[in-house]
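Enquirer: Coordinates for the following, if possible.
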Amino acid sequence: MDSIKNRRSIRKYTNQEVSEETLHELLEAGMCAPSAGNERPWHFVVVEERSQLEEIMKVHQYSRMLNEAPLAIVVCSDLTTDKYPGNNYWIQDCSAATENILLAAQEKGLGTCWLGVYPVQVRVEGLKKILNLPENVVPVSAIAVGYPAESKEPIDRYDEMRVHRNRW
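Expert: The predicted model follows:
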């Protein structure tokens, strides 16, 4: 619960590099996510080249934190794995993978910020081009990752008014 409650969107980062071992653990956490029919549609593009991070900032208006973050992980879905055509479970699957990465990063002392990509077409098409994604691969989210240069207090987000039992 500590990682869940303490995770906050971080938009300022130090220049400390993220080790390959830590990056591997974040990606492993993403791949531990549940998925419909065990499809595991996800693919992860690790973006460390400054020029690519700058290009992402041009197509995603809320990605300015990439100016300081040492890397981003773009969570993508391979649509050819879809066992349930038309249900779009891949969106949920990749969202679960994204959240696993956020929580693993929090546990490791890293800061992250989830950047929504899908379904905003200018972002989807922009990232497909920047990352040279195949036609059947859709970017779902991007995660800014780095060591935080800011500290944010946890917020109590529990709201009893949003809990309903048996019916609305």
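Enquirer: for this structure, what's the longest helix?
Expert: Among the elements of the chain assigned as helix by DSSP state H, the one spanning the most residues is helix 89-107.
Enquirer: what's that helix packed up against?
Expert: If you count contacts as 3 or more C-beta pairs under 8 Å, 6 or more residues apart in numbering; DSSP states H and E, helix 89-107 packs onto helix 2-6, helix 20-31, strand 42-47, strand 71-78, strand 111-116, strand 137-146. Every C-beta, even on glycine, is put in place using the N, C-alpha and C of the backbone.
Enquirer: let's see 6 Å
Expert: In terms of contacts (3 or more C-beta pairs under 6 Å, 6 or more residues apart in numbering; DSSP states H and E), helix 89-107 is packed against helix 2-6, helix 20-31, strand 71-78, strand 137-146.
Enquirer: which stretch among those comes nearest residue 124?
Expert: Counting by C-beta to C-beta, residue 124 lies closest to strand 137-146 out of those; the figure is 6.0 Å.
Enquirer: Just checking the distance from that closest one to the centre of its chain.
Expert: From the chain centre to the centre of strand 137-146 is a distance of 5 Å (C-alpha atoms, centre = their mean, to the nearest Å).
Enquirer: For that strand, the averaged confidence score.
Expert: Averaging pLDDT along strand 137-146 yields 98.
Enquirer: Use 43 as the first number for this chain going forward.
Expert: That works, and once the first residue is 43, the last one we named lands at strand 179-188.
Enquirer: before we move on, back to that, need the helices and strands packed on helix 131-149 in a markdown table with mean neighbour count and distance to residue 173, can you?
Expert: Shown next, in a markdown table, are these (neighbours: other C-beta atoms under 10 Å; distance: least, C-beta to C-beta, whole Å):
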| stretch | mean neighbour count | distance to residue 173 |
| --- | --- | --- |
| helix 44-48 | 12 | 29 |
| helix 62-73 | 16 | 16 |
| strand 113-120 | 23 | 6 |
| strand 179-188 | 24 | 7 |
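Enquirer: which residues touch the longest helix of the chain?
Expert: Counting contacts by C-beta atoms under 6 Å, 6 or more residues apart in numbering, the residues outside helix 131-149 that touch it are 45, 49, 68, 71-72, 74-78, 83-84, 117, 119, 154, 182-183, 185.
Enquirer: what's the angle from it to helix 62-73?
Expert: Here helix 131-149 points in a direction 140 degrees away from that of helix 62-73 (axes from the mean of the first three to the mean of the last three C-alpha atoms, to 10 degrees).
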